[in-house]
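>>> pasting the sequence and the predicted model now:
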Amino acid sequence: MNEKLKGILHTGWTEPRHFFFWLALFSAAGLSVSATRIMALKQPNLPMGLFTLICGLCLLTSLTAFALAWLPPLRRPLSLLLGKRFLVLGCVVTLIALFYAIEDWRGRSAWQHFKRAGEAQGERFDLASLAPAPVPDDQNFFEAPLWNFLHFTQTPHGVVWSDTNWGDHVVFDAFGPHGNNSPRPGNWTKAQPADLGAWQAFYRGTNNLFRVTDGSVTNYFPVAAQPQSPAADVLLALSRFDATRQLLIAAAARPKARFWINYDAGPAMMLPHLARMKASVQYLALHADAALRAGDKETALEDLKLMFRLIDSIRGEPILISHLVRIAGCTIGLEPLWEGLADRQWRETDLRSLESELAKLDFLADYHLALEGEQGCNLWELDYVRKNGLEGMDQVFGQSHEGADLGFALFRLIPGGWFDQNKLSVCRTYRDFILPEADTERRVISPSLVRRCVAAQEAMSLGPYDVFAKRYLPADANALRRFAWAQAAVDQARVACALEQYRLANGQFPATLEELAPQFISKLPNDVINGQPLKYRRTEDGQFVLYSVGWNETDDGGKIGLTKNGYLDQNQGDWVWHYPAKTGSKG
């Protein structure tokens, strides 16, 4: 019996068909056990994942070898391999180790060489290195009493707020408890002034009612006993935040601004100030509209300057979303400026002051800072995912890999050099495609170049060195249109201020834009889309049409593009600055 057992064991160890049969059997049993275990786990488990992977590879290899062992010409070579199994296993392990060593060295060497060369030319790859410099508290816009409740410290263990009720504090709010039912604000892009009559009805109606803690119902915004003019009623409603507006005026006097962002947190950084910045601009825009209709140009001008200060306060943040909020704020903030021009209410001194504020806005330069910050975020994410595996993927991309032990193990087996190669691919794509799309010297953004760059990115091979670059970059490329739109809007607003100065001096608008410089504007901005002069013509009603050819790069004669729902379509038509055919008091 012993001799028979020894014979079976010897055959099972030396004969290929027997050896690979038993190996497949034990591998299948291991897979069955690991599958049962995986179903019981709620979180990825690295040892279990590696065990599952090894069992799977063994089963696949043994089944293949078992089938081949039945072919007589291959049986002898397989027998020889079994005779030197430990040597073969050692060679396989050595080759795997060499593969990892070479890939890690290649990736690390290529990335470090690229990084050193870039840093020598002034490039910055670390998000924290792009952060604005510290600001003395007494000079910092955000250290004013208006923003004290937003103080926090972000650590790896959580966020500590100086005011635990920070979320309940309101800086400015033009919409109240039923903001979803509020009227639409004015839309200068479609030459639509704000309807203050609709806002008056909103504030005087049931949308102004809310229930306080004791259960009683009261008005959120103050209202007069009897209706006044629409402008007066709107100003009265917005007076709820008069004290806050005075705090903002005091804060705006501080020359510098730096919010306490923890840039070391990468994409997990806290940005609670951005929503409040946008709400502040929305409030000030409506307040300025109402002040203009009430004949209070000084207050309207003050509101506009406060909006410009808010937009400027986050300019130094190397974060794309911060600059998109600035762009939204600029679009909103131009509404009262446009209405004052349409109604011919601004004086020459007002126009010069407004044009000076507008000239400070340079969204083309800001694009480079914002996208360099996005590049830094991408690199931070790659390092984080490299360190934390699928759990890092969950946090960065909002995915779920619960119970994915095999995937967890496979992810951990990715060579570290591949992450370095992806960092290199990301940075090369930014350098070659994303950042050059905005030409700050010629003041031009070419949509055709942008589309070619996007096509080139989409044509990138989806190899192990490029997978993250393919995932990150399309959204970054598409952000450029919004920067182009904002710069075109600012340029047109500056020219519109100069045109109104010319009209005040000469009784009518000029025949050509060339008549404006240098008396009314130091230098005419070009069309940001093609570098050519902005399109301009006087109209029969004594007004004018001023426009850029827009993202489609086609002169549509000053016609804007609209979606099916009637919203502005920035991809179609021209980007236009014009006024309603008839203007006058609407307040």
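Sure, I can see it.
>>> got the domain boundaries for the chain?
Under the assignment automatic domain parsing, the domains of the chain span 2-83, 124-345, 368-481.
>>> tell me the mean pLDDT for the first one?
This predicted structure assigns domain 2-83 an average pLDDT of 68.
>>> what's the answer for the last one, then?
Domain 368-481 shows a mean pLDDT of 77.
>>> nearest to residue 511, out of the domains of the chain?
Closest approach to residue 511 among the domains of the chain is made by domain 124-345 (19.2 Å; C-beta to C-beta). Every residue, glycine included, has its C-beta placed from N, CA and C.
>>> and the domains of the chain as CSV, adding mean neighbour count?
Below are the domains of the chain laid out as CSV (neighbours: other C-beta atoms under 10 Å):
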stretch, mean neighbour count
domain 2-83, 15
domain 124-345, 18
domain 368-481, 18
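>>> using a markdown table, lay out these together with distance to residue 544.
Below are the domains of the chain laid out as a markdown table (distance: least, C-beta to C-beta, whole Å):
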| stretch | distance to residue 544 |
| --- | --- |
| domain 2-83 | 64 |
| domain 124-345 | 11 |
| domain 368-481 | 22 |
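>>> among those domains, which is nearest residue 109?
domain 368-481 (8.5 Å).
>>> span of that closest one from start to end?
13 Å (C-alpha to C-alpha, to the nearest Å).
>>> nearest to residue 106, out of the domains of the chain?
Residue 106 lies closest to domain 368-481 among these, at 5.6 Å (C-beta to C-beta).
>>> got the contact list for residue 521?
Residue 521 sits next to 355, 494, 495, 497, 498 when contact means C-beta atoms under 8 Å, 6 or more residues apart in numbering.
>>> out of the domains of the chain, which is closest to residue 111?
When the domains of the chain are compared (using C-beta to C-beta), the closest one is domain 368-481, at 4.0 Å.
>>> scan the contacts of residue 521 and report the most crowded one.
Using other C-beta atoms under 10 Å as the neighbour test, the contacts of residue 521 are led by residue 497, with 28 neighbours.
>>> now residue 424: how far from residue 115?
Per C-beta to C-beta, to the nearest Å, residue 424 is found 9 Å from residue 115.
>>> what about the helices in the stretch 301-450 of the chain?
Assigned by DSSP state H, counting those that start in this stretch, the stretch 301-450 of the chain shows helices spanning 320-342, 348-359, 363-397, 405-412, 416-429, 447-458.
>>> picking up where we left off before, export the contacts of residue 521 to a markdown table and tack on secondary structure?
As requested, the contacts of residue 521 are exported to a markdown table (DSSP: H, G, I helix; E, B strand; the rest coil):
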| residue | secondary structure |
| --- | --- |
| 355 | helix |
| 494 | helix |
| 495 | helix |
| 497 | helix |
| 498 | helix |
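>>> ok, those vs residue 559, which is closest?
residue 495 (19.1 Å).
>>> distance check, that closest one against residue 352.
Residue 495 is 14 Å from residue 352, by C-beta to C-beta.
>>> correct me, but residue 55 touches residue 25?
No. With contact defined as C-beta atoms under 8 Å, residue 55 does not reach residue 25; the gap is 11.5 Å.
>>> what about residue 544, how many residues nearby?
21.
>>> cool, the one 3 residues further on as well?
Applying other C-beta under 10 Å, we find 24 residues neighbouring residue 547.
>>> got it, and the one 5 residues further on?
Neighbours of residue 552 under the rule other C-beta under 10 Å: 16.
>>> that one: which element?
Using DSSP states H and E, residue 552 sits within no helix or strand.
>>> name the nearest residue to residue 490, ignoring sequence neighbours.
For residue 490, the nearest residue in space outside its immediate sequence neighbours is residue 361; the separation is 4.8 Å by C-beta to C-beta, 6 or more residues apart in numbering.
>>> wouldn't the one you found be in contact with residue 311 here?
Yes. If you go by C-beta under 8 Å, residue 361 and residue 311 touch, sitting 7.3 Å apart.
>>> intersection of neighbour lists for the two?
residue 330.
>>> hey, where'd the strands end up in this protein?
152-155, 158-161, 209-211, 217-219, 438-439, 444-445, 535-538, 544-548, 560-562, 568-573, 575-578 (DSSP state E).
>>> including distance to residue 379, could these go into CSV?
Below are the strands of the chain laid out as CSV (distance: least, C-beta to C-beta, whole Å):
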stretch, distance to residue 379
strand 152-155, 20
strand 158-161, 24
strand 209-211, 46
strand 217-219, 51
strand 438-439, 21
strand 444-445, 25
strand 535-538, 42
strand 544-548, 35
strand 560-562, 37
strand 568-573, 30
strand 575-578, 34
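>>> where in the stretch 201-350 of the chain is pLDDT low?
For the stretch 201-350 of the chain, no stretch is flagged by pLDDT under 70.
>>> rerun that using 90 as the cut-off
206-218, 264-269 (pLDDT under 90).
>>> then the stretch 451-587 of the chain?
For the stretch 451-587 of the chain, the stretches with pLDDT under 90 are 451-480, 563-568, 581-587.
>>> mind running it again at 80?
452-462, 467-478, 581-587 (pLDDT under 80).
>>> give me the number of residues near residue 510?
As a burial measure, residue 510 scores 17 neighbours (other C-beta under 10 Å).
>>> wait, isn't it in contact with residue 516?
Yes. With contact defined as C-beta under 8 Å, residue 510 counts as touching residue 516 (6.4 Å).
>>> overlap in contacts, the two.
With C-beta under 8 Å, 6+ apart, residue 510 and residue 516 have common neighbours 499, 502.
>>> ok, back up a step: nearest to residue 95, of the strands of the chain?
When the strands of the chain are compared by C-beta to C-beta, strand 152-155 sits nearest residue 95, at 44.1 Å.
>>> the closest one pairs with which strands, parallel or anti?
Strand pairing for strand 152-155, determined by DSSP bridges: strand 158-161 (antiparallel).
>>> what's in contact with the partner strand?
So strand 158-161 is contacted by 151, 152, 153, 270 (C-beta under 8 Å, 6+ apart).
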